[in-house]
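Student: Build me a structure from this.
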Amino acid sequence: MKKRRVVILGATGSIGQSAAKVAHDIPDRMEIVGMSGNRNLAKLGELSARFPHAALCTTCPRTAVPADLDPLVRHRGEEGLIELATLPGADLVLIAIVGTGGLKPALAAIEAGKDIAVASKEILVMAGEAVMEAARRKGVKVLPVDSEHNAIFQCLEGRESSEVRRLILTASGGPFRKLPAEQLAHVTREQALRHPTWNMGEKITIDSATLFNKGLEMIEARWLFDVEMGRVDVVVHPQSIVHSMVEFVDGSVLAQLSHSDMCFPIQYAVTWPERVPNSLRPLDFAELSRLDFEAPRHADFPALGLAREAGERGGTLPAVLNAANEVAVAAFLEGRIPFPCIWETVAHVMHRHAPVAEPGLDDILRADCEARAAAEGFVSTPQ
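Tutor: As a prediction, the model looks like this:
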């Protein structure tokens, strides 16, 4: 029974805090040896008190670090993240940094022979081919932490890609699942942040409301499980109990079910290939009574179509989709654009980009930077 020594990049976010709960729940299987945080330094200090032997990193300016925490922070900035990701003795790096900041540390961890557990969508959306190729070359595992991909990972145990007819990602449908299309232009920031089943950070909650979250997950699934975009589907499941399904070529379907708690997929990533007891609440099927499924509203929520296009065309286009979406979500949260302008911004930037077919890391980062500038220009111009 092996204990995994885990570095958490993005420890102060919702994923990082769930990982801390898992470490507390199964201390004989998980030890946190490194943690990074950005702006929520109070939370980083709290976590440091709970895990006093963990190395600390912050990407905040030194002047913002509280005096009592400053002596404990041995790693700083982007270089510090890479140092933490390659920490001697660590064997698993959980990457939960929102945005592009986790890409270089992920590649550094792989090169250092560490397994990575991926909760940051941007890593595989932007550079899925490069990340998976590096992992194959170094003989390390890329373990999915998103509940949907972790569910597929569990359903696929021991199966080849050739046996799969479809990967079926489930989506809650977000807070506007039933809202008439003509009312979407009037939704508020507060309404968009009221996710019906999950408690997450602001950016991913808005992505769930637009369905861009599911679109990004489609591209992730394509790389994680070595399937074409045409074999990745989405179905709306408002209860968020079935986390995803795999349909095999013989027509059989396997699904993974649990309550909506990120501790489940995090624990499985840490203990894989074993399963161990925990204190998490089990399902009561009599209490559930029903599970509903419906098709997404593709015309009213264009995110899924844009993501499929980006995944099929490939190259630098997925990075462009991701970057434009980040800028648009920030603009919506700041009250600068209406809700539908999020996908309008992404479509505008995508359709003006000439993708590089087989990009290197520099090409991807350049496309990301150019897409952000183009998206900022679009949201700043009166439509």
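Student: Could you use CA atoms for every contact and neighbour count after this?
Tutor: Will do.
Student: Next, give phi and psi for residue 256.
Tutor: phi -120, psi 130 (degrees, to the nearest 10).
Student: hang on, it packs against residue 151?
Tutor: Yes. Residue 256 is within contact range of residue 151, at 5.3 Å (criterion: C-alpha atoms under 8 Å).
Student: what residues do these two have in common as contacts?
Tutor: Shared contacts of residue 256 and residue 151, defined by C-alpha atoms under 8 Å, 6 or more residues apart in numbering, are found at 243-245.
Student: Distance to residue 331, secondary structure and neighbour count for the residues you listed - can I get that in CSV?
Tutor: Output for the shared contacts of residue 256 and residue 151, formatted as CSV (distance: C-alpha to C-alpha, whole Å; DSSP: H, G, I helix; E, B strand; the rest coil; neighbours: other C-alpha atoms under 10 Å):
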residue, distance to residue 331, secondary structure, neighbour count
243, 30, strand, 25
244, 31, strand, 27
245, 34, strand, 27
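Student: nearest to residue 335, of those?
Tutor: Looking at the shared contacts of residue 256 and residue 151 and their distance to residue 335, the nearest is residue 243, at 32.1 Å (C-alpha to C-alpha).
Student: contacting residues for the closest one?
Tutor: Residue 243 makes contacts with 147-148, 151, 169-170, 255-258, as judged by C-alpha under 8 Å, 6+ apart.
Student: Over to the nearest residue to it once chain neighbours are set aside: give its phi and psi.
Tutor: Distances taken as C-alpha to C-alpha, 6 or more residues apart in numbering place residue 148 nearest to residue 243, at 5.0 Å, with adjacent residues excluded. The phi/psi pair for residue 148 (degrees, to the nearest 10) reads phi -70, psi -50.
Student: Tell me the confidence at residue 148?
Tutor: For residue 148, the pLDDT comes out at 96.
Student: gap between it and residue 221?
Tutor: Distance from residue 148 to residue 221, counting by C-alpha to C-alpha, to the nearest Å: 9 Å.
Student: swap in residue 77?
Tutor: For residue 77, the distance to residue 221 (C-alpha to C-alpha) stands at 30 Å.
Student: Those two - which one has more neighbours?
Tutor: Between residue 77 and residue 221, counted using other C-alpha atoms under 10 Å, residue 221 has the larger neighbour count: 26 against 16.
Student: which stretch of helix or strand covers the more buried one?
Tutor: Secondary structure assignment for residue 221, by DSSP states H and E: helix 212-224.
Student: following that helix, which helix or strand shows up next?
Tutor: That would be, after helix 212-224 and using DSSP H and E, strand 232-236.
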